[in-house]
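1. coordinates only, no sequence provided:
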């Protein structure tokens, strides 16, 4: 059964995400989270050496405001809107995870063995997280968007490039989840 | 941009952060479960979001709706191409499957208090930078 403090149902969540995208369009912008990574590079001074980062980052202030709001939202959702009953996985998934020595969620959004304070002191975990981030940053910029820009915005506008990108997302994700994760963990 | 102008974007982000956290789309576990085809949850979220988006975009186009400033809304088409979408998409997918977060959730999880995500963000920034450096040498 669904409750406000537990997992929100997919139909409500999907509706709200679609509404977020349309609201940004109504505000004269577009929904895309990965471009913020480029903006952050520009703010850090990457435009001095690399043309790709030479643009006025102030034009992207609105998107950084979205990011700021999203960070606040994550904080509020975890601290004030959760009763620890969430992340009820398929029992089969939990079994598979146990075989890789990854603990069951018990209400947590991410495994401590990957994101926890103890885990991120080990070189292996640091390497996994950093390399994962590297793929996300490089891949999304190369593809020109991520789940928000291609899967939600692009598919909603029947963009063929977005469909190709989303197929790519799943090729990568399936290879990782089925063949590489068992080797890594 | 004026301060009050930015507030509405903070609010949109705030809703986005809450929804992605409460729907557990930011959860490493949910992404793993999705790629194992062991739950409909994530597919339901993406599917409904795309349906709502499609209806909205079609309404905008057919009714020539205007944006908040009173200008007609124009939605840019994505650049044509193949290699960049397949290769870039697959590389991102590998990262998504490994650390379970796409760029939005990276930021949201910072707020949610997952320490490890700082390392993911550092990697993502370097990855973005490296793309900028090698952009002209890559097939697009």
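-> Thanks, I have it. None of these values were measured; they are calculated from a predicted model.
2. list the buried residues in the one helix or strand residue A:78 maps to.
-> If you go by DSSP states H and E, residue A:78 is part of helix A:61-80. Neighbour counts over helix A:61-80 (16 or more other Cβ atoms under 10 Å in any protein chain shown) mark A:62-78 as buried. Glycine gets a C-beta too; all of them are placed from N, C-alpha and C.
3. show me the contacts for residue B:75.
-> Counting by Cβ atoms under 8 Å, 6 or more residues apart in numbering or on different chains, residue B:75 touches A:25, A:30, A:157, B:57, B:60, B:61.
4. how near is it to residue A:99?
-> Distance of residue B:75 to residue A:99, computed by Cβ to Cβ, to the nearest Å: 45 Å.
5. residues near residue A:42, how many?
-> 20 (other Cβ atoms under 10 Å in any protein chain shown).
6. all helices for chain B, in order.
-> For chain B, the helices defined by DSSP state H occupy B:3-22, B:28-35, B:41-62, B:83-99, B:103-112, B:117-134.
7. deepest in the core, which of those helices is it.
-> Of those, the one with the most neighbours on average (mean count of other Cβ atoms under 10 Å in any protein chain shown) is helix B:103-112, at a mean of 29.
8. does that helix reach chain A?
-> Yes: Helix B:103-112 lies within reach of chain A by Cβ under 8 Å from any Cβ of the partner chain, at B:103, B:104, B:106, B:107, B:108, B:109, B:110, B:111, B:112.
9. these two touch, right, residue A:136 and residue B:96?
-> Yes: with contact defined as Cβ atoms under 8 Å, residue A:136 reaches residue B:96; the gap is 6.7 Å.
10. give me the pLDDT for residue B:1.
-> Reported pLDDT at residue B:1 in the predicted model: 59.
11. actually residue A:3, not the one I typed
-> 89.
12. state the distance from it to chain B.
-> Distance of residue A:3 to chain B, given as Cβ to the nearest Cβ, to the nearest Å: 11 Å.
13. residue nearest the centroid of chain B?
-> With distances taken as Cα atoms, centre = their mean, the residue of chain B nearest its centroid is residue B:104 (5.3 Å).
14. one more: chain A?
-> residue A:147 (7.6 Å).
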